[in-house]
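[1] Have a look; sequence and predicted model below, questions after that.
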Amino acid sequence: MTYRWIDSSDEVAGYVERVLAEPRYALDTEFHRERTYFPKLALVQIAAAGEIVLIDPLACDLSPLKLLFAGDPVCVVHAAQQDLDVLTHAVGAVPLHLYDTQLAAGFLGYSTPSLVSLLQSELRVTAGKGDRLTDWLRRPLSADQRDYAASDVAHLLQLQDTLDVKLAAEGRAEWVADACEELRTRPVSGTEPDLAWTRLKDVRVLKPRARGVARAVAAWRERRAMAIDSPVRQVLPDLAILGISQKQPTTVAELGQCRGVDDRHTRGVIATDILAAVREGMANEASMPAGDGEELDRSLRPAVT
C-alpha cells in the first residue's frame, strides 16, 4: 500500500491547503485510552485526491486540521463517534461536513457493520483485520502497522459512492445527511460525573441512601480521573464504591475496612475527599433513573447486601 508519512508541522499545513481544494476526503484515527481518561491520539490517516497520508500527532502541530475541518470538503469516516471524540480533545474541532459510512449503511439494512464486512459486501474488497493490541503510540511503527492504518481510509471514498447510489435509489440520502449532522453535533462521549454511578454493576439493589453515597463517590471518582487523566478504575475500583456505599464510613479507619479500598484511599486528600463525598451522599438519597432491580452478583453480596 502506497502512502506518505508526515511528521513535520510544515508538511501538515501544506497538505491541508491541498485538501481544501478537494470536494471530500476520507479520515480515520488511531488512539489509546487504556492508560488515560481522555483518548490519546496516536495517528491521523487521510485519503484525498488519490493519495493517502499518515500524520504523526506525536511529532506535528495539528492546528492546521482546524482549517480543514472548517472548510467545504466533506469528511468521510466509518463509525465516526470515537474519532470525533478524540479529535475534539486533540485538535479542538470536528469536521463541519461529515459522512459516516456506517450510519449510511444502516439506512440500507445493515446493522452497525464493521468496515471490513462492509468493504467485502459492497466492494468485494478483503481488508485485513487489525491487531487490537497494537501500541499505536510506539515509534517507529512497523510497515505492517502503517499498511493497516492506510488501508482504513484507502477505500472509504469509493464506498461512499457505492452507498450513495443505493441511498438515492431508495430516496434515503436526506435521511443519512440528517443522521450524520446529528452525530457531528452530538456532545462528546463521556460520562457526566453525576450520572457515573448508574454504570456501576449491582447499584440498583442498593437502598436509596446507599445509592446517594454511590452517586456522590462515583462523581468524585469521575472528576478526579479527569483531573489526573487516569482511568476511573485506577482512581477507585467499582467494588470499593459499592462497599463504601453500603458501609457509609465516617472515619478513615472505617473507610479502610470497606471492601475494595486500599492504602491509597485512606491517606491525605484522597481519604478526605472520599469521606466528604460519603457525607454528601448520605444527605441526598438517590433513585435509579430507569430500569428494574437486578439480581446481585454473588461475588459482591458481602459488600453491598
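    Yep, it's here.
[2] Can you tell me how far the residue with the largest distance to the centre of the chain is from residue 241?
    In the chain, counting by C-alpha atoms, centre = their mean, residue 253 sits farthest out from the average C-alpha position, at 37.5 Å. Shown here: residue 253 relative to residue 241, a distance of 19 Å by C-beta to C-beta, to the nearest Å. Where you see a C-beta, it was placed from the backbone N, CA and C, and this is true even at glycine.
[3] I'd like the next helix or strand past the longest helix along the chain.
    Among the elements of type helix in the chain, defined by DSSP state H, the one spanning the most residues is helix 208-228. Sequence-wise, the next helix or strand beyond helix 208-228 is helix 232-235, with elements assigned using DSSP states H and E.
[4] Now do that following helix: which elements does it pack against?
    If contacts are counted by 3 or more C-beta pairs under 8 Å, 6 or more residues apart in numbering; DSSP states H and E, helix 232-235 sits against helix 208-228.
[5] How far does the helix it packs on sit from its chain's centre?
    Taking the mean C-alpha point of helix 208-228 and that of its whole chain, the gap between them comes to 21 Å (C-alpha atoms, centre = their mean, to the nearest Å).
[6] again, but for stretch 22-38
    What separates the centre of stretch 22-38 from the centre of its chain is 9 Å, taken as C-alpha atoms, centre = their mean.
[7] What of stretch 7-22?
    What separates the centre of stretch 7-22 from the centre of its chain is 26 Å, taken as C-alpha atoms, centre = their mean.
[8] Next: stretch 119-130.
    That offset, for stretch 119-130, works out to 24 Å (C-alpha atoms, centre = their mean).
[9] tell me which residues in it are buried?
    Of the residues in stretch 119-130, those buried under the neighbour-count criterion (16 or more other C-beta atoms under 10 Å) are 119, 122, 125, 127, 130.
[10] Tell me who's in contact with the fourth one.
    Applying C-beta atoms under 8 Å, 6 or more residues apart in numbering, we find residue 127 in contact with 115-116, 119-120, 151, 155.
[11] Now do the helix or strand containing residue 274 against helix 208-228, angle only.
    Under the criterion DSSP H and E, the helix or strand holding residue 274 is helix 268-282. For helix 268-282 and helix 208-228, the angle between their directions (axes from the mean of the first three to the mean of the last three C-alpha atoms, to 10 degrees) works out to 140 degrees.
[12] Buried residues, helix 268-282. List them.
    Of the residues in helix 268-282, 270-271, 273-275, 277-278, 280-282 count as buried by neighbour count, 16+ other C-beta under 10 Å.
[13] And for stretch 137-146?
    By neighbour count on 16+ other C-beta under 10 Å, the buried set for stretch 137-146 is 137, 141, 145-146.
[14] What segments of the stretch 51-200 of the chain are helices?
    64-70, 81-90, 101-106, 115-123, 143-154, 156-170, 173-184 (DSSP state H, counting those that start in this stretch).
[15] Output these in JSON lines, with mean pLDDT and distance to residue 231 appended to each entry.
    As requested, the helices of the stretch 51-200 of the chain are exported to JSON lines (pLDDT from 0 to 100; distance: least, C-beta to C-beta, whole Å):
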{"stretch": "helix 64-70", "mean pLDDT": "98", "distance to residue 231": "27"}
{"stretch": "helix 81-90", "mean pLDDT": "95", "distance to residue 231": "15"}
{"stretch": "helix 101-106", "mean pLDDT": "98", "distance to residue 231": "26"}
{"stretch": "helix 115-123", "mean pLDDT": "96", "distance to residue 231": "27"}
{"stretch": "helix 143-154", "mean pLDDT": "96", "distance to residue 231": "24"}
{"stretch": "helix 156-170", "mean pLDDT": "98", "distance to residue 231": "31"}
{"stretch": "helix 173-184", "mean pLDDT": "98", "distance to residue 231": "26"}
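[16] so which of these gets nearest residue 257?
    Taking C-beta to C-beta as the criterion, helix 81-90 is the member of the helices of the stretch 51-200 of the chain that comes nearest to residue 257, at 38.3 Å.
[17] in what helix or strand does residue 29 lie?
    Following DSSP H and E, one finds residue 29 within strand 24-32.
[18] Check the average confidence over that strand, would you?
    Rounded to a whole number, the mean pLDDT of strand 24-32 is 98.
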